[in-house]
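> need a structure here:
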Amino acid sequence: MKKITLIITLLFFGLTIKAQLQEEGFAALNIPAGWTSDNATSGCDWQYGYTGFMPYSGPTLEAEFPSGAVLFDDDTCGDLSADRITLTAPIIDVSGISNAVIEVIYNLQVFADKGEFIIEVFDGSTWQQVFFQNVDSPRNTGVHQIATIDVSTHLNNLFQVRFIYDDEGLVKAYGLGIDNYKLIDSSVASISNLEALGFDFYPNPTNNYLNLSARENINQVNIYNLLGQEVMNKQPSKTSIQLNLYNLPIGYYIVKVQVGNEIGSFKILKQ
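Residues are numbered from 1 along each chain as shown. As a prediction, the model looks like this:
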């Protein structure tokens, strides 16, 4: 029975989440193959395979990188000069993909309101900014932040992702750590087979609640994150249900619904 369940799950995700198109954990001690970095202002580089704590993420409960990360420690490098450093992924052809998201685990610590984390993507002709942060990741929590960014409108045959840390001219700031990066195909199967049963869902995007309704009973609801991990499982057996998403992190999710004997799936954004 467990094997059958696993096969069904894998078949489902073969339809809904095609692949992790690009992934890098930065665990090795050198820059990953195909990646490039540049810091024209000082020449100071990232630290690869860093397994310590994020500088200044405490003071008592620091965020750690146990599996390795890439770190720019501006407190160490900044004595040279102001820094604006990039880290660019290899080119990937995603022209045949309709939907994709970037997911990145990171920790940004600024000093005196100076320090920026920027993510850009190459749309085939120019670099487009898709993410910006210039405030601290939560300190004294022991955890990092996760950014999930829809880049569907920028996909092309020369697609690239570029991470930028800029200390805004401050000679000695704190820095940025990136623990993991993924480019994920988020294409999903349709709910066209549920529409004849009067199925509807709203709102999307949503903050805390997702409403589902149909003319026949909604027998099963499963919600998965983009890594394929199940985060919610309900068996309402009624024609309408309101799901509380308050405890789910911000990001994209796949919702699989069974109405009567029909199954469909769709993507939602939790804001």
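> residues touching the closest residue to Ile85 other than its chain neighbours, list them.
Once flanking residues are discounted, Ile85 sits nearest to Asn39: 3.9 Å by C-beta to C-beta, 6 or more residues apart in numbering. C-beta: built from backbone N, CA, C; applies to glycine. Going by C-beta atoms under 8 Å, 6 or more residues apart in numbering, Asn39 touches 45, 83-86.
> And Asn39, what's its pLDDT?
Asn39 carries a pLDDT value of 91.
> For the stretch 101-250 of the chain, which segments count as helices?
Along the stretch 101-250 of the chain, counting by DSSP state H, counting those that start in this stretch, helices occupy 192-195.
> quick revisit: now, the most widely separated pair of the contacts of Asn39?
Spatially, the most separated pair among the contacts of Asn39 is Asp45 and Arg84, at 12.9 Å (C-beta to C-beta).
> all strands for the stretch 51-200 of the chain, in order.
69-73, 84-88, 100-109, 116-122, 127-133, 145-150, 160-166, 175-185, 200-202 (DSSP state E, counting those that start in this stretch).
> Columns distance to Tyr50 on top of these, output as CSV?
CSV is the format used below for those (distance: least, C-beta to C-beta, whole Å):
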stretch, distance to Tyr50
strand 69-73, 4
strand 84-88, 13
strand 100-109, 11
strand 116-122, 16
strand 127-133, 20
strand 145-150, 17
strand 160-166, 14
strand 175-185, 7
strand 200-202, 42
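> contacting residues around Phe117?
Residues in contact with Phe117 (C-beta under 8 Å, 6+ apart) are 106, 108, 131-134, 163-165, 176.
> Give me the buried subset of the residues you listed.
Buried members of the contacts of Phe117, counted by 16 or more other C-beta atoms under 10 Å: 106, 108, 131, 133, 163-165, 176.
> wait, which of those is closest to Pro203?
Of these, the one sitting nearest to Pro203 (C-beta to C-beta) turns out to be Phe131, at 23.3 Å.
> Who is that closest one paired with across the strands?
Ile119 (DSSP bridges).
> Would you confirm that it contacts Ile118?
Yes - using C-beta atoms under 8 Å, Phe131 is in contact with Ile118, at 6.8 Å.
> Only the buried residues of stretch 110-117, if you could.
Those would be 110-111, 114-117, for stretch 110-117 by 16+ other C-beta under 10 Å.
> can you check stretch 192-202 too?
Neighbour counts over stretch 192-202 (16+ other C-beta under 10 Å) mark 194, 197, 199, 201 as buried.
> Would you mind pulling the contact partners of it?
In contact with stretch 192-202 (C-beta under 8 Å, 6+ apart) are residues 191, 210-216, 218, 255, 257, 259-260, 262-264, 266, 268.
> Just the buried residues of the residues you listed.
Counted by 16+ other C-beta under 10 Å, those give 191, 210, 212-214, 218, 255, 257, 259, 262-264, 266, 268 as buried.
> ok, so of those, who is nearest Thr153?
Taking the buried ones among the contacts of stretch 192-202 together and measuring to Thr153 by C-beta to C-beta, the closest member is Ile268, at 18.1 Å.
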